[in-house]
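J.: 3D, please:
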Amino acid sequence: MLVKKIENVKLKIERLKIVVGCWLSVDDIVFKKQEDLTEDAKAYLAKKFPPPPPAATNQDGATKKQISEYNSLVNNYNDMNSTNLRIKKSEVERMEYLYNLMTDEQKKSAANSPKIPLIPAPPLPPSPTKFEKTGKNFKTTRS
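T.: Sure thing, here's the model as predicted:
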C-alpha cells in the first residue's frame, strides 16, 4: 500500500516536471530577442500566440441600425410626459455616443434631440434655530 502511494507521488512529480519544463521552455522563447529565435521557435510562438485582430476601421457616419436605435431612444424620451420622466444615464450616454458617430447629414435627418430637463437643485437646508431664554421659558427664532 505504501509502495503504491510512493509510486503515485513519483508519477505526479514527473508530470509536474514535464509541465514546469514546458512552461520554462515557453518563457525562454518569449523572453529572447526576435532575431535570436530559431525558425522552430518562431513557428511555435506563431501557433501559440496568434497576432491580434486588425484594428477596427473608422466608419464614415453611423449605420442605419445605429440611427434607428438613436431615433427610438429619442422618441421614447420625447413621448414621456414631464411628470413621469425617468432618465437613465446609460441611455443618455448611448444617445450621445450615437449622435457623435453621425455625419452632419445624418444628424439633420435624425429625430430631434430629446428635451431632457436639467436636474433640479436640491432644496436649501432649513436655517438654524436659535433658543433665547425669556424668563422661565425658551423662545425659538430662525435666523
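
J.: Could you list the domains of the chain?
T.: Domain segmentation of the chain under automatic domain parsing yields 2-48, 64-109.

J.: Figure out which of the ones you listed is closest to N137.
T.: For the domains of the chain, the distance to N137 is smallest for domain 64-109, at 45.6 Å, taking Cβ to Cβ. From N, CA and C alone the C-beta is placed, and that goes for glycine too.

J.: Endpoint to endpoint, the closest one covers what distance?
T.: Using Cα to Cα, to the nearest Å, the end-to-end distance of domain 64-109 comes to 12 Å.

J.: Can you tell me, leaving aside adjacent residues, what's nearest to R86?
T.: M80 (7.5 Å; Cβ to Cβ, 6 or more residues apart in numbering).

J.: From A62, how far out is the one you found?
T.: From M80 over to A62 the distance is 24 Å, taken as Cβ to Cβ, to the nearest Å.

J.: So which of those two has more stuff around it?
T.: A62 (21 against 15; other Cβ atoms under 10 Å).

J.: Can you get me a residue count around the closest residue to that one other than its chain neighbours?
T.: Nearest non-adjacent residue to A62, counting by Cβ to Cβ, 6+ apart: L101, 4.2 Å away. Other residues lying near L101 total 18 when counted by other Cβ under 10 Å.

J.: The chain: strands as residue ranges?
T.: 129-134, 137-142 (DSSP state E).

J.: Now do the phi/psi pair for the residue nearest to R86.
T.: phi -70, psi 140 (degrees, to the nearest 10).

J.: quick one: the residue nearest to A62 and D60 touch, right?
T.: No. Checked against Cβ atoms under 8 Å, the pair L101 and D60 is beyond contact range at 9.7 Å.

J.: With Q66 as the reference, measure out to M102.
T.: M102 is 8 Å from Q66, by Cβ to Cβ.

J.: I'm done for today, thanks for sticking with me.
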